[in-house]
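Novice: just coords:
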């Protein structure tokens, strides 16, 4: 059992380990968002995308999606944001149609510049357009396979 002191200074009873664990997770999330607003005070698209990539790599897909959405809202023409949102739809949700739409929009908005940072060493420093085309091709194959499976049933 754990005692927690509430804002009034009194002990708030006995809490089981699961409750304390959940409270710690929520507190960690609040701290991350607090730090995000301090460090990313300017609301820079690339900072939100970088945060989203970090969170995605930690398996925190919902938090990553929120960071990518914030980047997207700041600049709906950001190929990086569009690609990242597409990736979340593909991996987390297995919503290949939605992923395809975001990848396609990313390709349309794609500048002819290199990827600055990537979690995939094979493509880091490579052209962003090449990465997006690979994502489009991969998700298109998944869409076609899912259609074939539906026809078989």
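Specialist: Thanks, I have the structure now. Remember, predicted model here, so these are calculated numbers, not experimental data. Residues are numbered from 1 along each chain as shown.
Novice: I'd like the distance between the residue lying closest to residue 77 once chain neighbours are set aside and residue 71.
Specialist: Leaving out its chain neighbours, the residue that sits closest to residue 77 by Cβ to Cβ, 6 or more residues apart in numbering is residue 109, at 4.8 Å. (C-beta placed from N, C-alpha, C; glycine too.) As judged by Cβ to Cβ, to the nearest Å, residue 109 and residue 71 stand 13 Å apart.
Novice: Quick check: neighbours shared by those two?
Specialist: Both residue 109 and residue 71 are contacted by residue 78, under the criterion Cβ atoms under 8 Å, 6 or more residues apart in numbering.
Novice: just checking, what packs against the top helix by length along the chain?
Specialist: Secondary structure of the chain per DSSP state H: the longest helix is helix 128-152. Secondary-structure packing of helix 128-152 (3 or more Cβ pairs under 8 Å, 6 or more residues apart in numbering; DSSP states H and E): helix 79-91, helix 96-109.
Novice: Determine the angle, from 0 to 180 degrees, between that helix and helix 96-109.
Specialist: 160 degrees (axes from the mean of the first three to the mean of the last three Cα atoms, to 10 degrees).
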